[in-house]
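Q: I'll drop the sequence and a predicted model, then ask my questions.
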Amino acid sequence: MNQSIPSIDPWNKGKLIGQKSPLKLHEIWAIRIRLQLGGSIRDLALFNLAIDSKLRGCDLVKLRVLDVSHGGVISKRAMVMQQKTQQPVKFEITEQTRNSISDWISARNLKPGDYLFPSRVRSSPHITTRQYGRILSSWVSQIGLDPADYGTHSMRRTKASLIYKRTKNLRAVQLLLGHTKLESTVRYLGIEVDDALELAEQTDV
């Protein structure tokens, strides 16, 4: 006697799989302008620093004031130890990001040892990656994008993707992302085969 096998829905049914999209340049500015006009001092600092630092969410939310500021002056470059790889990574802090961070630190009167983005709930001293994800969803929703297409890794990938498109310099992007292997950078950026072939054609050995 044959028994019917119950159908089991695939684990990814109804879920968006694959890498989350990086933001395009005009989308970056659309969000930035909305945050500026809305007077969202914390979110503007968080957004700008997320773009510049290219850090994973777990590293971004744990930044302290002293990681980006020395003697009350916001640094042009910073270095942090990555939680996932335990390897240091350096990043630039552009002028507009320095200004927004400075405004936020002043507004909250944050001290060097304080977390840069303290949580508003008592269960965590700093915003969690989950909170960061919710904040990000509100940013992209405000400019008409579908939050399901974006995640915290979208912020990490955004500037790296723009740099790669402009320079095709994988090694530079690898260093900026703190990847130990170039293959990881290729997968992370989602570089198409044609891009890889174009790079190969331009390289004489």
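A: The structure has been received and is ready for your questions. From a predicted model like this one, the values you see are computed outputs, not experimental measurements. Numbering: from 1, shown residues only.

Q: all helices for this structure, in order.
A: Taking DSSP state H, the helices of the chain run over residues 25-37, 41-53, 57-60, 65-68, 95-108, 129-142, 152-167, 170-177, 182-189, 193-201.

Q: from the ones you listed, which stretch is densest packed?
A: For the helices of the chain, average neighbour numbers computed from mean count of other Cβ atoms under 10 Å are highest in helix 41-53, which has a mean of 23. Using the backbone N, CA and C atoms, a C-beta is placed for each residue, glycine as well.

Q: quick one: contacts of it?
A: 23, 28, 31-32, 35-36, 59-60, 63, 68, 78, 91-94, 96-97, 100-101, 103-104, 107-108, 116-117, 132, 135, 139, 155-156, 158-159 (Cβ atoms under 8 Å, 6 or more residues apart in numbering).

Q: got it, and stretch 116-134?
A: Applying Cβ under 8 Å, 6+ apart, the set of residues contacting stretch 116-134 is 42, 45-46, 49, 57-58, 60-65, 67-68, 101, 104-105, 108, 110, 115, 135, 151-152.

Q: just to revisit the earlier point, could I get the helices of the chain as TSV with mean pLDDT and distance to Q86?
A: Conversion of these to TSV gives the following (pLDDT from 0 to 100; distance: least, Cβ to Cβ, whole Å):
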stretch	mean pLDDT	distance to Q86
helix 25-37	96	30
helix 41-53	96	17
helix 57-60	94	11
helix 65-68	96	16
helix 95-108	96	26
helix 129-142	95	18
helix 152-167	87	18
helix 170-177	85	15
helix 182-189	79	15
helix 193-201	65	29
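
Q: distance to Q19 added to the ones you listed, as JSON lines?
A: Below are these laid out as JSON lines (distance: least, Cβ to Cβ, whole Å):
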{"stretch": "helix 25-37", "distance to Q19": "16"}
{"stretch": "helix 41-53", "distance to Q19": "17"}
{"stretch": "helix 57-60", "distance to Q19": "14"}
{"stretch": "helix 65-68", "distance to Q19": "27"}
{"stretch": "helix 95-108", "distance to Q19": "24"}
{"stretch": "helix 129-142", "distance to Q19": "15"}
{"stretch": "helix 152-167", "distance to Q19": "7"}
{"stretch": "helix 170-177", "distance to Q19": "13"}
{"stretch": "helix 182-189", "distance to Q19": "8"}
{"stretch": "helix 193-201", "distance to Q19": "15"}
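
Q: so which of the ones you listed comes closest to Q83?
A: helix 57-60 (5.1 Å; Cβ to Cβ).

Q: from the middle of its chain, how far away would the closest one be?
A: The chain centre lies 8 Å from the centre of helix 57-60; the measure is Cα atoms, centre = their mean, to the nearest Å.

Q: the chain should start at 17 in everything you say after this.
A: With 17 as the first residue, the last one maps to helix 73-76.

Q: packing partners of that helix?
A: With contacts defined as 3 or more Cβ pairs under 8 Å, 6 or more residues apart in numbering; DSSP states H and E, the packing partners of helix 73-76 are helix 57-69, helix 145-158, helix 168-183.

Q: cheers, nothing more for now.
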